[in-house]
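In: got a predicted structure here, sequence first:
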Amino acid sequence: MLFSGCVSVGRALEELRSSLFNELRTSEGAKRQQQRFCGPVVAMTFNFMVAVGIILGNKLVMGRVGFNYPIFLTLIHYATAWILLAIFKAFSLLPVGPPSKTTPFSSLFALGAVMAFASGLANTSLNHNSVGFYQMAKIAVTPTIVTAEFFLFRKTISFSKVVALVVVSFGVAVATVTDLEFNAFGACVAFAWIVPSAINKILWSNLQQQGNWTALALMWKTTPVTIFFLVALMPWLDPPGVLSFKWGPTNTSAILVSALLGFLLQWSGALALGATSATSHVVLGQFKTCVILLGGYLLFGSDPGLVSIIGAILALCGMSVYTSLNLKESTEKSTNLLPSQNLPSVKPVKPKSSEDEEKPLVEDNSSAV
């Protein structure tokens with residue numbers, strides 16, 4: 001009895017594995033599975049939780065461990081991600097990408113290169129500038145995305161969304177920009193990071209939504225290019241002395257945990273960009289900043305100041321308006337598609353005369369001969 005039950009369970013698991021395997025063998029099936037299990041809410045929640053975790057992980061690595069090599073740390077993150085993706089591929093768990101002719105290699109190469117600059121320069125900016133100046137540069141990404149999408153894809157947004165984004169940016173600036181300490185090199189890095197960060201989010205969102213790319217398949221194609229450019233950036237942006245770092249068990253474990261969180265952050269960010277848009281992903285990042293600030297005030301008794309609290313609340317109000325406008329827009333789009341899908345078109349039937357009724361009989365007889 002127990003043996004037969006184990007056999008039936010094993011057979012059911014094998015059928016589930018084979019069906020999932022068949023779905024992952026085509027880019028369309030893999031895309032359907034991603035949309036089925038990772039909708040906008042799931043993807044953005046996943047990205048939010050991982051982003052909070054990696055903030056704590058990177059603080060541990062750069063603070064307590066003393067690993068002050070941001071480009072090399074980013075390189076470790078992407079190398080770990082590529083090794084994990086290779087393991088997925090070896091076990092046939094990596095989704096198949098669309099045919100190469102549908103997406104030119106130049107697009108994948110550009111995404112890999114831009115991703116290296118966006119991730120590497122972000123960590124370098126945070127290492128050389130104060131948190132306030134870093135947040136100011138992050139706020140500038142939002143108008144950059146809106147401008148770039150207009151010139152690249154002729155994509156426009158409504159005036160109501162523009163007002164909501166202005167309120168969000170102003171609230172985040174009031175809440176987080178408490179100090180603007182920076183040096184000339186750090187300022188140059190911060191301003192150089194803004195455009196690659198915006199283009200990176202736009203390309204990730206566009207390639208997944210316009211083509212049949214999934215997040216993991218796109219990561220597999222672009223990660224080697226990212227690693228190549230990070231290796232090229234390391235001598236220019238990292239300080240010397242990386243070879244003399246003490247790789248003890250504790251330090252190595254902390255860096256590996258940060259690398260695993262970096263892989264999850266890249267994956268969850270790609271899922272969120274594929275399910276929403278580049279602008280919504282930036283708003284999610286600003287939401288994370290405000291939640292961390294208010295959570296520290298409410299749960300741990302930290303005192304960021306009355307002005308910062310008011311700014312965070314104002315930003316959250318703007319985010320709520322922006323989210324409601326997105327939901328309203330998506331509802332209107334789905335409603336407009338319904339009339340054309342409900343009823344099939346029926347051609348009017350013309351009444352036949354007695355002569356018309358006799359003609360088919362004659363034609364049928366002649367065709368039979």
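Out: The structure has been received and is ready for your questions.

In: any weak-confidence spans in the chain?
Out: 1-29, 131, 177-181, 300, 330, 333-369 (pLDDT under 70).

In: what's near enough to touch the closest residue in space to residue 197 that isn't next to it in sequence?
Out: Ranked by CB to CB, 6 or more residues apart in numbering and with sequence neighbours excluded, the top spatial neighbour of residue 197 is residue 118, at 4.5 Å. Any C-beta I mention is one placed from the backbone N, CA and C, and that applies to glycine too. Going by CB atoms under 8 Å, 6 or more residues apart in numbering, residue 118 touches 193, 196, 197, 199, 200.

In: and what of residue 38?
Out: Neighbours of residue 38 in contact, by CB under 8 Å, 6+ apart: 46, 271, 275.

In: can you pick the most crowded of those residues?
Out: In terms of neighbour count, residue 271 stands highest of the contacts of residue 38 at 25 neighbours, by other CB atoms under 10 Å.

In: name the helices or strands packed onto the helix or strand containing that one?
Out: Following DSSP states H and E, the helix or strand that holds residue 271 is helix 249-275. Helices and strands touching helix 249-275, as assessed by 3 or more CB pairs under 8 Å, 6 or more residues apart in numbering; DSSP states H and E, comprise helix 27-37, helix 40-59, helix 70-90, helix 184-210, helix 215-237, helix 278-299.

In: which one's the longest helix in the protein?
Out: Counting residues, the longest helix in the chain under DSSP state H turns out to be helix 306-337.

In: sort out which residues of stretch 93-109 are buried, please.
Out: Judged by neighbour count (16 or more other CB atoms under 10 Å), stretch 93-109 contains these buried residues: 94, 95, 96, 97, 98, 103, 108.

In: need the residues that contact that stretch.
Out: Identification of contacts with stretch 93-109 by CB under 8 Å, 6+ apart yields 24-27, 30, 33-34, 85, 88, 203, 207, 211-214, 216-218, 220-222, 225.

In: about what we covered before: which one of the helices and strands packed on helix 249-275 lies closest to residue 163?
Out: In terms of CB to CB, the element of those nearest to residue 163 is helix 278-299, at 13.6 Å.

In: residue 309: how many residues sit nearby?
Out: Neighbours of residue 309 using other CB under 10 Å come to 18.

In: residues in contact with it?
Out: 175, 293, 294, 297.

In: wait, the first one touches residue 305, no?
Out: Which is residue 175. No: the pair formed by residue 175 and residue 305 falls short of the contact definition of CB atoms under 8 Å, at 9.3 Å.

In: who has more neighbours, those two?
Out: Set side by side, residue 175 and residue 305 show more neighbours around residue 175, with 26 against 11, by other CB under 10 Å.

In: what comes up buried for the helix or strand containing the more buried one?
Out: According to DSSP H and E, residue 175 maps onto helix 159-176. Residues of helix 159-176 classed as buried by neighbour count (16+ other CB under 10 Å): 161, 164, 165, 167, 168, 169, 171, 172, 173, 174, 175, 176.

In: could you list every helix and strand in contact with that helix?
Out: Using 3+ CB pairs under 8 Å, 6+ apart: helix 159-176 touches helix 131-139, helix 141-153, helix 278-299, helix 306-337.

In: with distance to residue 267 added, can I get those helices in TSV?
Out: Formatted as TSV, the helices and strands packed on helix 159-176 follow (distance: least, CB to CB, whole Å):
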stretch	distance to residue 267
helix 131-139	21
helix 141-153	21
helix 278-299	14
helix 306-337	23
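
In: which one, of these, ends up nearest to residue 251?
Out: Evaluated with CB to CB, the helices and strands packed on helix 159-176 place helix 131-139 nearest to residue 251, the distance being 24.2 Å.

In: got the angle between the closest one and helix 159-176?
Out: Helix 131-139 runs at 170 degrees relative to helix 159-176, counting by axes from the mean of the first three to the mean of the last three CA atoms, to 10 degrees.

In: show me what counts as buried in helix 131-139.
Out: Result for helix 131-139 [16+ other CB under 10 Å]: buried residues 133, 134, 135, 136, 137, 138, 139.

In: ok, the residue nearest to residue 197 to residue 48 distance?
Out: 19 Å (CB to CB, to the nearest Å).

In: just say helix, strand or coil for residue 156.
Out: coil (DSSP: H, G, I helix; E, B strand; the rest coil).

In: now do the same contact list for it.
Out: residue 150 are the contacts of residue 156 under CB under 8 Å, 6+ apart.

In: report the distance from stretch 75-92 to the chain centre.
Out: Using CA atoms, centre = their mean, to the nearest Å, the mean C-alpha position of stretch 75-92 is found 18 Å from that of the whole chain.

In: buried stuff in it?
Out: Using 16+ other CB under 10 Å as the test for burial, stretch 75-92 gives 75, 76, 77, 78, 79, 80, 81, 82, 84, 85, 88.

In: select, from those, the two members most distant in space.
Out: Of all pairs drawn from the buried residues of stretch 75-92, the greatest distance, 20.4 Å, lies between 75 and 88 (CB to CB).

In: tell me the contacts of the closest residue to residue 317 other than its chain neighbours?
Out: Spatially, and ignoring its direct neighbours in sequence, residue 317 is nearest to residue 167 (6.9 Å; CB to CB, 6+ apart). Counting by CB under 8 Å, 6+ apart, residue 167 makes contact with 314, 315, 317, 318, 321.

In: how much space separates residue 167 from residue 236?
Out: Distance of residue 167 to residue 236, computed by CB to CB: 38 Å.

In: residue contacts, the closest residue to residue 53 other than its chain neighbours?
Out: Counting by CB to CB, 6+ apart, residue 53 lies nearest to residue 261, which is 5.3 Å off, once chain neighbours are set aside. Counting by CB under 8 Å, 6+ apart, residue 261 touches 50, 53, 54, 57.
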